[in-house]
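[1] Sequence and predicted model, in that order:
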2 protein chains.
Amino acid sequence: MNPTIQQVAEAAGVSRSTVSRAFTRPDMLNPETVALVRDVAARLGYVPSQVARALSTGRFGNIALLVPDVGNPFFPPLIRAVEKQADLSGACVFLGNSDENPERENVLLKRLSGQVDGFILASSRLSDAEIRAHAARRPVVLVNRDIAGLGRVLIDSAQGVGDAIRHLHELGHRRIAYVSGPSASWSNQQRWSAASRGARDLGLDLALIEGEQPSFEGGASAARLAVDTRVTAAIAFDDSMAHGLLAGFSAAGVDVPGTISVIGCDDVLGARTYPPLTTISSGADDAGRLATDMLMGLLGGSQAGETLRLPTTLIVRATTAIARQGS
Amino acid sequence: MNPTIQQVAEAAGVSRSTVSRAFTRPDMLNPETVALVRDVAARLGYVPSQVARALSTGRFGNIALLVPDVGNPFFPPLIRAVEKQADLSGACVFLGNSDENPERENVLLKRLSGQVDGFILASSRLSDAEIRAHAARRPVVLVNRDIAGLGRVLIDSAQGVGDAIRHLHELGHRRIAYVSGPSASWSNQQRWSAASRGARDLGLDLALIEGEQPSFEGGASAARLAVDTRVTAAIAFDDSMAHGLLAGFSAAGVDVPGTISVIGCDDVLGARTYPPLTTISSGADDAGRLATDMLMGLLGGSQAGETLRLPTTLIVRATTAIARQGS
DNA sequence: GGTCAACATGCAACCGGTTGCATAGAAGAT
DNA sequence: ATCTTCTATGCAACCGGTTGCATGTTGACC
C-alpha cells in the first residue's frame, strides 16, 4: 500500500501534524521544513489519502453528474465539459445514468451523497419535492430544470423554438407537428409551450405527437404517426428524434424537405444527418462548463439560487423548405 | 448532516458495534436486534458513510472507468453497461475522460487510485509499462488492450475485418483502403494487421490512409485523401470515421456505394447513416458488462490474467456494392 | 537583563465507521 | 448445582488524515 502520513513523519523526523501542514498549510511552517517534508514524501511516493482527509474535513473533492441517458448524444458533450472543468479544480466526477428512471436517480443520489461535495443534475426526472429534499443535504446545480431557489443552468430553447416557428411560417407552412419528448422533462415542457405560443401568435395549426422515447427509435416510430396527420412540418423534441423522423419518413417514401420539413433541437449531430438537419442550437458543452463553475462556486460558499439562461438560435441547414402546394 | 452510527446506537439503546453489525454482519446478531436497529436507522434516515467505512476496511465500493473520448459513440453504450453492471454490485462509477492524452490518463489514474477498488481502462493510450505499474497497485481490467498477465476484454475484430475483406473481394473489389485510427490504439493495430493479412491472402492491393482523429471530422478529411488513391472500397477504423467518409464522399460528388464502398467498425450507429452503413459489429455493451464482471471478480479475489475475446461479425447494409467497372 | 510577541512545531482529540477480543447470560452436559 | 459451551453484545483500538490549543524558542524592545 501507499505510505501513510505517519511513515513520512518518521522518515522526516517530524510529527504527523507537520507533514499534514506541509501540504495543506505550508505558510504555517518554516520554508525549510516544508521543503524537507515534501522531499521525503516525494521520495517515498506519498499521496495523501483523499478518503481519510474527507473523513476529517467533510470535503471529498468529488462531484457527481447524473444524466438520464448517456447514450443520448446531447449528454456526452456535456459530460465532457463537466469533466474538463471539474479537473481544473482538481475534482473527480462520478457519473450516474438513471436510465430515465426517477427511482434509480434517487438511489444514485442517496448512494453518492456520502462521497461527493455536490451534484449536477442534468434533465432530472425527479419531482420538485424530491430534488429540493436532496438539495437540502448537498449543494445541487440543475441543468434544464427550473426550481426556484436552486442553482440552475437553463438552455432557453423558447427563443430558438420561436425562431423555428417563424421560419416555418415564412416558408408557408400552416400545419405543424411537435413531436414530444419525456413528459417529465422541463425542456420538453418549455419547448412545447413555446411552440404553442408561437403557433397561436401566427395563427398556425399545431398538432402534438407523443413520442415514446427521446431517441432515434422514438423518432422513427413517431414518423409513422406524423404521415397520417397531414402536417407539412415537424419540430422534434431533440436531434435524436429528428434524426429518427428523417429515417422514418425516408422509409415511408416521404421526401424531406420536399413533402415535409423537419427541425431538431440541440444541434448535437452537426451536419451528419442526411439531409443535414435544420436544428436549434443549444451549447450543451457550455451548459456543462457553466454548471460546474456554478457548483464550484456553491462549494466555495456562494449563495444558491442563481439562474443562468443560455440563448439558443436556429441553425438552418437542409431539412426545411417551402411548404408543398395544396397542403 | 446525516445521522452517525453513534446517534443510531443511542436511539436504539445499543453500542456502535451492534449498529455496524446490523448492516454488515447481521448473522452475528439476534434477529430481533437487527430488526430494531434497522428500524431505528431507517426512521432516522441513517446511511452509513462510505468514506468512514473505506478508511477502516480499505474497500471503497467504487470503480473507475477511463475512456479516451466520451464523445466517440463507441463509448456511451460501454459506459452505460459498466454503470448498470456496477450498480448490481452496489458500486458507483467514476468516469474519466483522457481526451486521447496519456498524461491526463496518468493524472486521473493517480488521483483516483486512492478512492476506487479498481479500474477499467478502455482503449488506454498509455504504454504497457505505465499500465503495468498502475496494475501493481490496484486491480485493472483492460478493454481493447492486450497486455499479458492483466485482465482483458478484447473485441476480436480480426475475424470481422477478415469477413469484410472477403465480402469486398466477392464483390469484385481489388484495391482497398484502410483508414486508420489512433496509432496508439490496440484496436487500430489489430484491425490494420487483420486487413493486411486478409488482403495478402486474397491478393488484393491495400492502401493505408492515415486518419487524423477517430471522429466524424477525421473521416471526412480522410475522404479527400481517399478519392485520390483510386481505391474502390474503404474500411474505416470505426463507425464515426466511416460516417465521416460517407459525408466526405457525398460532398465530393462520389457515390457510395456506386463508385466506392465503405465499411465501418463497431456498429454503433445502427442504420442511422445514409445510406445505412455496412459495418463490423462488436458489442461494446457486452464488453462493458463483461469487463465490469471481471473487475468485480478480481476484487473478490480471482486471479488476474483472464482474457475474454468477443467475436465480431460483418453486418451488411447498404454502403457496399459490386465494384465499379474498369476500376 | 527581563518581558513579551511572534513564530514554529508537537500533542491529542476527532471525523465515522470496523473488528479482535473480552464478557455476560443462557443453554446444555454431567 | 457446577462446569462448559455457545450466543449476543460491548469495549477499545485502529484506519489516515486535520486542527485547536499548548509549548518551546527566538528576537525585539525597553
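    That came in fine, so what should we check first? Keep in mind it's a predicted model, so treat the numbers as computed, not measured.
[2] Up against DNA strand D, what does chain A have?
    Contacts of chain A with DNA strand D, taken as CB under 7 Å from any atom of the strand, map to A:1-2, A:4-6, A:16-17, A:20-21, A:23-25, A:46, A:48-49, A:52-53, A:55-57. Using the backbone N, CA and C atoms, a C-beta is placed for each residue, glycine as well.
[3] filter those to the buried ones?
    A:4-5, A:20-21, A:23, A:46, A:48-49, A:52-53, A:55 (16 or more other CB atoms under 10 Å in any protein chain shown).
[4] any chance you could map the helices in chain A?
    A:5-12, A:16-24, A:31-44, A:50-57, A:75-88, A:102-112, A:128-137, A:157-170, A:186-202, A:216-229, A:239-251, A:284-299 (DSSP state H).
[5] Just send the buried ones among the residues of chain A next to DNA strand D back as a markdown table, with pLDDT too.
    Output for these, formatted as a markdown table (pLDDT from 0 to 100):
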| residue | pLDDT |
| --- | --- |
| A:4 | 96 |
| A:5 | 97 |
| A:20 | 97 |
| A:21 | 97 |
| A:23 | 96 |
| A:46 | 94 |
| A:48 | 94 |
| A:49 | 95 |
| A:52 | 97 |
| A:53 | 96 |
| A:55 | 96 |
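[6] Tell me the bridge partners for the most centrally placed residue in chain A.
    Nearest to the geometric centre of chain A sits residue A:122, at 4.2 Å (CA atoms, centre = their mean). Under DSSP bridges, the beta-bridge partners of residue A:122 are residue A:143.
[7] can I assume it is in contact with residue A:66?
    Yes. The pair residue A:122 and residue A:66 passes the contact test of CB atoms under 8 Å, sitting 6.7 Å apart.
[8] what residues are shared contacts of those two?
    Both residue A:122 and residue A:66 lack any common contact, where contact means CB atoms under 8 Å, 6 or more residues apart in numbering or on different chains.
[9] My read is that residue A:111 contacts residue B:92, right?
    Yes. Applying CB under 8 Å, one finds residue A:111 in contact with residue B:92, separated by 6.0 Å.
[10] Those two - which one has more neighbours?
    Legend: neighbour count by other CB atoms under 10 Å in any protein chain shown for residue A:111 and residue B:92, higher for residue B:92 (24 against 20).
[11] hang on, the earlier thing: what separates the residue nearest to the centre of chain A from residue A:83, distance-wise?
    For residue A:122, the distance to residue A:83 (CB to CB, to the nearest Å) stands at 13 Å.
[12] neighbours around residue A:30, how many?
    Residue A:30, neighbours per other CB under 10 Å, totals 10.
[13] low-confidence ranges in the stretch 151-300 of chain A?
    Scanning the stretch 151-300 of chain A for pLDDT under 70 picks out nothing.
[14] Please report the number of neighbouring residues for residue A:156.
    16.
[15] Now do the same contact list for it.
    By CB under 8 Å, 6+ apart, residue A:156 lies in contact with A:190, A:309-312.
[16] change it to 6 Å
    Contacts for residue A:156 (CB atoms under 6 Å, 6 or more residues apart in numbering or on different chains) come out as A:309, A:311.
[17] any idea how far it is from residue A:188?
    Residue A:156 is 14 Å from residue A:188, by CB to CB.
[18] do the same with residue A:44
    Taking CB to CB, one finds residue A:44 at 55 Å from residue A:188.
[19] Who has more neighbours out of the two?
    Shown here are residue A:44 and residue A:188; by other CB under 10 Å, residue A:188 has more neighbours (22 against 15).
[20] Name the nearest residue to that one, sequence neighbours excluded.
    residue A:181 (4.1 Å; CB to CB, 6 or more residues apart in numbering or on different chains).
[21] what's the neighbour count on the one you found?
    Counted with other CB under 10 Å, residue A:181 comes out at 28.
[22] quick one: it and residue A:213 touch, right?
    No. Judged on CB atoms under 6 Å, residue A:181 makes no contact with residue A:213 at a distance of 8.5 Å.
[23] which bits of the stretch 51-200 of chain A sit near DNA strand C?
    A:52, A:55-56.
[24] how far does stretch A:22-31 stretch from start to finish?
    End-to-end span of stretch A:22-31 (CA to CA, to the nearest Å): 9 Å.
[25] contacting residues for residue A:267?
    Residues near residue A:267 by CB under 6 Å, 6+ apart: A:279, A:281, A:315.
[26] what do you get for residue A:238?
    Counted by CB under 6 Å, 6+ apart, residue A:238 has contacts A:214, A:265-266.
[27] give me the number of residues near residue A:270?
    Residue A:270 has 15 neighbouring residues, counting by other CB under 10 Å.
[28] ok, the nearest residue to it once chain neighbours are set aside - how many residues close by?
    Leaving aside its sequence neighbours, residue A:270 sits nearest to residue B:216 (CB to CB, 6+ apart; 7.2 Å). Around residue B:216 there are 25 other residues, counting by other CB under 10 Å.
[29] now swap in residue A:28 and tell me
    For residue A:28, the tally of surrounding residues (other CB under 10 Å) stands at 12.
[30] Would you agree it is in contact with residue A:21?
    Yes. Counting by CB under 6 Å, residue A:28 does reach residue A:21; the two are 5.2 Å apart.
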